[in-house]
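Asker: Sequence and predicted model, in that order:
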Amino acid sequence: MMLPRPEILLTPTEMSRVDAAAIASEISGQALMLRAGEAVAACVLRHYPAALRFAVLCGPGNNGGDGYVAAEALVRCGANVRVFALGDPERLRGDARIARAGWSGRVEALEAYMPQAGDVVIDAVFGAGLARDVPDLVQQAIADVTAAAIPVIAVDLPSGIDGASGKLRGAAFRAERSVTFVTRKPGHVLLPGRDHCGTVEVFDIGIPHRIVAAEAAGLWVNGPALFQSFRRPRSAEDHKYRRGHLTVFSGPAISTGAARLSAGAALKAGAGLVTLASPSDSLAVNAAHLTAVMQTAMDTVADVESWLIDQRRNTFALGPGFGDRDKARSYAVAIARSGRNLVLDADGISAFSGDASALREAFEGSAGQLVTTPHEGEFTRLFPDIARGDGGKVEKALAAARAISGIVVCKGADTVIACPDGRAAIEEHAPATLATAGSGDVLAGIIAANLANGMPAFEAACAGVHQHGQAATRAGEGLTAEDLVSHVLPA
Ligand SMILES: NC(=O)C1=CN([C@@H]2O[C@H](COP(=O)(O)OP(=O)(O)OC[C@H]3O[C@@H](n4cnc5c(N)ncnc54)[C@H](O)[C@@H]3O)[C@@H](O)[C@H]2O)[C@@H](O)CC1
Ligand SMILES: [K+]
């Protein structure tokens, strides 16, 4: 049986290489544009049968070309269509010029468009070629259409959304639907782009998968297809040590809850054994709360080193509620040297603030795998130079992963999981209820359980982020981190 393929995301640059490769293999660019424009027309007719008028806003590139094709296809179906162009349509080039020539009606200037009740706007101003902030004229059109609450269908992407990063370039239409071609782009999945796209429909315009696969750099939408073949198969021969022994470090007596959340989530996610390594002053408070999770006293790095003698203790989670940053650094280095896996979260990340190279040096040549799970503030503290750059979230996550030679999970409503070898995934199904205290501690525990189970680090992190979102979805409204733990399931 063939496993489902992970959903590829092509950046606009990769998409234009796909386009060029398709044309080089005898697929006509004009035919691609015809199919694209007709797909847009079919979509608006299906979803807006009661529209009184379609206003097609066409830009100066191929996105505009798709608009002219859609306009003509709509007229042929008996619709009332007006076309408004940004710039002089006489200056269009290539396939867009041919598409313009195929439009049988008038072309009015963009500024002549006055939104009217009953209109549906087809936004074909900018797509993949958006290179800078949208001009004032377009910002004005966006403001007018938004104020009049006219439904917008975006061709490829809403104009003003950067297809690679999902960032806003000046202003953008808020589309009810976006019709894109071949694959979704990162800007459809990353925020704020995702919020501007509405429902995204992907049309196959006839470019074979082999061409897409050849140009794809390794960016996907996160989902089971990325990790399911790495799940440890359940077996009658299983015993707890086969399912991995995870150690979670507890914080001092006044902040032990975070580590317990990680530990509890890890057990639910399928780690065979979970031990809370607890400073002596926290033993009693932890003992009062623990049942299946075990406990051991751990006060110094020498205690960590003697704990590491047992090779079955294969994975560690360090940071949630931990507090002492010097100790966190020394513990992380001891774990790296012993070749064990580490999930570094919260205070464990802050312990390496501005010194990511120390993490890389610790894990260089180690058999242990490193996964860090920073939220935005922690990311900025750990990677200040990368955070200052103006790339998108995927680019930054990849740069960070290379900087530590480990997996970086950039958390948020559009969590990005990045691997130093250039692979990355974006999660799109994290419910907003996950924005609750302790949710990140649960995620660290789930990822650690996957590592303890023998998954490679990138897949362990992708699976963990997915399991976390699924648990929240199952738990529903009123979510607390404790509820989340109880809804976690193995990968
Ligand atoms: N396989 C493909 O790549 C296909 C692409 N198609 C369409 O082609 C589009 C990409 O076409 P293009 O590369 O021509 O890009 P666009 O049509 O998105 O825009 C490019 C044009 O806009 C100008 N421009 C960019 N940003 C600007 C700004 N902020 N202010 C003013 N002018 C600006 C550029 O100088 C250029 O003239 C896609 O979004 C899609 O709609 C479809 O025709 C189907 C096939
Ligand atoms: K557009």
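Answerer: All right, it came through fine. All values reported here derive from a predicted model rather than from experimental measurement. Ligands and ions are numbered 1, 2, ... in the order given.
Asker: When you work out contacts or count neighbours from here on, use the C-alpha atoms and nothing else.
Answerer: Will do.
Asker: any weak-confidence spans in this protein?
Answerer: 1-2, 241 (pLDDT under 70).
Asker: what about the helices in the stretch 251-400 of the chain?
Answerer: With helices called from DSSP state H, counting those that start in this stretch, the stretch 251-400 of the chain shows them at 257-268, 283-287, 301-307, 325-337, 346-350, 356-363, 376-382, 384-388, 393-404.
Asker: again, but for the stretch 51-200 of the chain
Answerer: Taking DSSP H, counting those that start in this stretch as the criterion, the stretch 51-200 of the chain carries its helices at 62-76, 94-101, 136-147, 186-189, 193-197.
Asker: Give me the contact list for the second one.
Answerer: Contacting residues not belonging to helix 94-101 are listed as 29-30, 33-34, 61-66, 68-69, 89-92 [CA atoms under 8 Å, 6 or more residues apart in numbering].
Asker: deepest of the helices of the stretch 251-400 of the chain, which one?
Answerer: helix 257-268 (a mean of 27; mean count of other CA atoms under 10 Å).
Asker: Give me the helices and strands touching it, please.
Answerer: Packing contacts for helix 257-268, counted by 3 or more CA pairs under 8 Å, 6 or more residues apart in numbering; DSSP states H and E, involve strand 245-249, strand 273-278, helix 439-452, helix 481-487.
Asker: The same query, at a cut-off of 10 Å, please.
Answerer: Here helix 257-268 touches strand 245-249, strand 273-278, helix 283-287, strand 315-318, helix 439-452, helix 481-487, going by 3 or more CA pairs under 10 Å, 6 or more residues apart in numbering; DSSP states H and E.
Asker: Report how many residues lie close to the closest residue to ligand 2 within the stretch 301-450 of the chain.
Answerer: Nearest residue of the stretch 301-450 of the chain to ligand 2, counting by CA to the ion: Gly392, 19.7 Å away. Gly392 has 17 neighbours, counted by other CA atoms under 10 Å.
Asker: With adjacent residues omitted, what lies nearest to it?
Answerer: In this structure, Gly392 finds its nearest non-sequential neighbour in Ser165, 4.5 Å apart by CA to CA, 6 or more residues apart in numbering.
Asker: Could you pull up the residues touching that neighbour?
Answerer: Neighbouring residues of Ser165 by CA atoms under 10 Å, 6 or more residues apart in numbering: 11-12, 185-193, 390-395.
Asker: Show me how to select, in PyMOL, the buried members of those.
Answerer: Applying 16 or more other CA atoms under 10 Å to the contacts of Ser165, the buried members can be selected in PyMOL as follows:
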select buried, resi 11+12+185+186+187+188+189+190+191+192+193+392+393+394+395
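Asker: Surely Val121 touches Val145?
Answerer: Yes - contact criterion CA atoms under 10 Å: Val121 and Val145 qualify, at 8.1 Å.
Asker: anything in contact with each of those two?
Answerer: Shared contacts of Val121 and Val145 (CA under 10 Å, 6+ apart): Pro115, Pro151, Val152.
Asker: which residues touch Arg232?
Answerer: Arg232 sits next to Arg242, Arg243, Gly270, Asn450, Asn453, Gly454, Met455, Pro490, Ala491 when contact means CA under 10 Å, 6+ apart.
Asker: Likewise for Gly323?
Answerer: When contacts are counted by CA under 10 Å, 6+ apart, Gly323 is found next to Ser250, Gly251, Pro252, Ser255, Ala346, Asp347, Gly348, Ser350, Ala351.
Asker: What of Ala472?
Answerer: Counting by CA under 10 Å, 6+ apart, Ala472 touches 429-434, 439, 479-481, 483-488.
Asker: Just list whatever residues bridge to the residue most central in space within the chain.
Answerer: For the chain, Ile426 is the residue whose C-alpha lies nearest the centre (CA atoms, centre = their mean; 1.9 Å). For Ile426, the beta-bridge partners under DSSP bridges are Val221, Val416.
Asker: Provide a list of residues in contact with it.
Answerer: By CA under 10 Å, 6+ apart, Ile426 lies in contact with 9, 186, 189-190, 219-223, 393-394, 409-410, 413-418, 462, 465.
Asker: Pull out the buried residues from those.
Answerer: Neighbour-count burial (16+ other CA under 10 Å) applied to these gives 9, 186, 189-190, 219-223, 393-394, 409-410, 413-418, 462, 465.
Asker: Checking Ala36 next. Helix, strand or coil?
Answerer: Following DSSP: H, G, I helix; E, B strand; the rest coil, the label given to Ala36 is helix.
Asker: Tally up the residues packed near it, please.
Answerer: Residues contacting Ala36 under the criterion other CA under 10 Å number 28.
Asker: give the contact list for it.
Answerer: Counted by CA under 10 Å, 6+ apart, Ala36 has contacts 30, 42, 63, 65-67, 69-70, 155-156, 179-182, 203-206.
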